[in-house]
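Okay, structure incoming, though there's no sequence with it:
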Ligand SMILES: Cc1ncc(COP(=O)(O)O)c(CN[C@@H](CS)C(=O)O)c1O
């Protein structure tokens, strides 16, 4: 598919905002949905809505088959060894909380260390703070440099025999920095630590292969990769997930319940208590099949072009400073303009139909590092175009003029 054919698959891109064509540059917050994803959810509720794993009737069998086939599609998408290593969660946040609590309960003890980085999203900071407080473990933070890159020597220095788990973003949602996670995983394993990769911002943009990475856990959200909200995926190595206690109790996660004792279900259901977002889970597979149809060659090439072009045009604007200038970067640009506040710029851009995000992007410690309250962030997806970048730049120039 060429870019015109791709954009036709996203109905929302035809929308007007404040009378202007929508230019959607907030894909880091959530991506837009292709028609096949929308249709799949509509079709489920119209044709075979029922609960899964329990009913003997036709609709339940159909829904169960579709849901479990989605699990297999996800397994192949991230190249997991087994489909039961794919756990449906509520999102990246849900997945990290599951690992922090279950892994933490089983393997974290007083004086142990959890290692994260200074660029982490709050959902990869707060759950670890909570479990460290509960278990008397210590949270350590890998510092970054002014460009927004991890200081690798500091990472190696902070790793020790006390490090139980390393939890880092593959790609920063605020800076766009791509971290060298494969070699970090190798080093962490040498030190005896397990590794969780927050792949919320990488799965939508590049091929992620969990066996090649050799990570112990990897989490991401369907809504950032063109699927529905309320669905996330936790990948975990079979031996890790089998060694961890359930995270939530309820239906589906049990084998047998008596008032004296309950035995638990096997993987993946041990970690999937209660009725899930069935339609969302099924539609997630369609989002993946759509991405496969577009192809990562196109996705990575298109987004690289957009990043380079947008960066070049932004740097022509006087008083503009880009926050996050890593050598290895994804299509996320955070920036500030002298004598303006991000919120004001974002508001004026919205009046011109351009959707960006402003604020701390759930990375307040990162804002503290730069000594700023927040940034303006443009985050691109493969359906954005250079023409949209031109509209964005013209609107930004107008906004800056109005504010100065
Ligand atoms: C790196 C990273 N890690 C975790 C999350 C949380 O994803 P959830 O689907 O909300 O659970 C996000 C979501 N970042 C959004 C909302 S703050 C952004 O605008 O950048 C993320 O980018």
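Alright, I've got the coordinates. Computed from a prediction, not measured in an experiment: that's the story for all the values here.

Let's verify residue 59: helix, strand, or coil?
With DSSP: H, G, I helix; E, B strand; the rest coil as the basis, residue 59 sits in helix.

again, but for the one 4 residues further on
On the three-state scheme (three-state DSSP), residue 63 is labelled helix.

tell me the pLDDT at the residue lying farthest from the centre of the chain?
Distance from the centre of the chain peaks at residue 260, with 40.1 Å (Cα atoms, centre = their mean). Predicted confidence (pLDDT) for residue 260: 98.

Unless I misread the structure, residue 378 falls within a helix.
No - counting by three-state DSSP, residue 378 falls outside a helix, being strand.

For it, which non-adjacent residue is spatially closest?
With Cβ to Cβ, 6 or more residues apart in numbering as the criterion, residue 378 has its nearest non-adjacent residue at 4.3 Å, and that residue is residue 25. C-betas here are computed from N, CA, C, even on glycine.

count of neighbours near that neighbour?
Residues near residue 25, counting by other Cβ atoms under 10 Å, number 27.

Regarding stretch 19-28, how distant is the last residue from the first?
24 Å (Cα to Cα, to the nearest Å).

ditto for stretch 311-322
Terminal residues of stretch 311-322 lie 8 Å apart, using Cα to Cα.

Let me see the ranges of the helices in the stretch 151-300 of the chain.
Secondary structure of the stretch 151-300 of the chain, counting by DSSP state H, counting those that start in this stretch: helices at 152-158, 181-190, 210-213, 238-243, 278-294, 296-314.

and residue 285, how many neighbours?
For residue 285, the count of nearby residues is 23 (other Cβ under 10 Å).

if I read this right, it contacts residue 65, doesn't it?
No - Residue 285 lies out of contact with residue 65 (Cβ atoms under 8 Å); the separation is 11.9 Å.

From residue 358, how far off is the residue nearest to residue 378?
Per Cβ to Cβ, to the nearest Å, residue 25 is found 12 Å from residue 358.

which bits of the stretch 51-200 of the chain sit near the ligand?
Within the stretch 51-200 of the chain, the positions lying close to the ligand (Cβ under 6 Å from any ligand atom) are 91-93, 121, 123-124, 169, 173, 198, 200.

ok, and the closest non-adjacent residue to the residue positioned nearest the centre of the chain?
For the chain, the residue nearest the mean C-alpha position is residue 200 (1.2 Å; Cα atoms, centre = their mean). Using Cβ to Cβ, 6+ apart and skipping residues adjacent in sequence, the residue nearest residue 200 is residue 92, 4.2 Å away.

what's near enough to touch the one you found?
With contact taken as Cβ atoms under 8 Å, 6 or more residues apart in numbering, residue 92 is in contact with 121, 123, 198-200, 219-221, 224, 232.

one more time with 6 Å, if that's ok
Counting by Cβ atoms under 6 Å, 6 or more residues apart in numbering, residue 92 touches 200, 219-221, 232.

so what's the closest residue in space to residue 250 that isn't next to it in sequence scoring on pLDDT?
Nearest non-adjacent residue to residue 250, counting by Cβ to Cβ, 6+ apart: residue 273, 3.7 Å away. Listed pLDDT for residue 273 reads 98.

do residue 276 as well
At residue 276, the predicted lDDT confidence score is 98.

Would you mind confirming that it is in contact with residue 90?
No - using Cβ atoms under 6 Å, residue 276 is not in contact with residue 90; the gap is 8.8 Å.

Tell me how this protein divides into domains.
With domains defined by automatic domain parsing, the chain comprises 3-30+296-403, 38-292.

May I have the secondary structure class of the nearest residue to residue 379 once chain neighbours are set aside?
Spatial nearest neighbour of residue 379, excluding adjacent residues (Cβ to Cβ, 6+ apart): residue 28 at 3.4 Å. Look at residue 28: counting by three-state DSSP, its state is coil.

Number of residues surrounding residue 28?
Counted with other Cβ under 10 Å, residues neighbouring residue 28 total 28.

Tell me how far it lies from the ligand.
Per Cβ to the nearest ligand atom, to the nearest Å, residue 28 is found 4 Å from the ligand.

Repeat that for residue 275.
Distance, residue 275 to the ligand, using Cβ to the nearest ligand atom: 19 Å.

Pull the number of nearby residues for the residue nearest to that residue when sequence neighbours are not counted.
Nearest non-adjacent residue to residue 275, counting by Cβ to Cβ, 6+ apart: residue 51, 5.9 Å away. Residues contacting residue 51 under the criterion other Cβ under 10 Å number 15.

I'd like the numbering to begin with 120 instead of 1 from here.
Will do, 120 is the new start, and the previous item becomes residue 170.

Look up phi and psi at residue 170.
Phi and psi for residue 170, reported as degrees, to the nearest 10, are phi -90, psi 160.

Let's see the pLDDT reported for it.
Residue 170 carries a pLDDT score of 96 in this model.

re earlier: of the helices of the stretch 270-419 of the chain, give the one that comes closest to residue 157.
Set against residue 157 and scored by Cβ to Cβ, the helices of the stretch 270-419 of the chain come closest in helix 397-413, at 8.1 Å.

So which elements touch that closest one?
With contacts defined as 3 or more Cβ pairs under 6 Å, 6 or more residues apart in numbering; DSSP states H and E, helix 397-413 has these neighbours: helix 154-162, helix 177-197.

so which of those helices gets nearest residue 423?
Residue 423 lies closest, by Cβ to Cβ, to one member of the helices and strands packed on helix 397-413: helix 177-197, at 21.4 Å.

residues in contact with that closest one?
For helix 177-197, contacts defined as Cβ under 6 Å, 6+ apart pick out 167, 169, 171-172, 202, 205, 327, 329, 352, 354, 397, 400-401, 403-404, 407.

ok, which stretches of the stretch 370-519 of the chain are strands?
Using DSSP state E, counting those that start in this stretch, the strands found in the stretch 370-519 of the chain span residues 373-376, 381-383, 439-442, 451-456, 473-474, 476-478, 494-498.

Out of those, which gets nearest to the ligand?
Closest approach to the ligand among the strands of the stretch 370-519 of the chain (Cβ to the nearest ligand atom): strand 476-478, 5.5 Å.

Return the list of helices and strands in contact with that closest one.
Short answer (3+ Cβ pairs under 6 Å, 6+ apart): strand 476-478 packs on helix 461-470.
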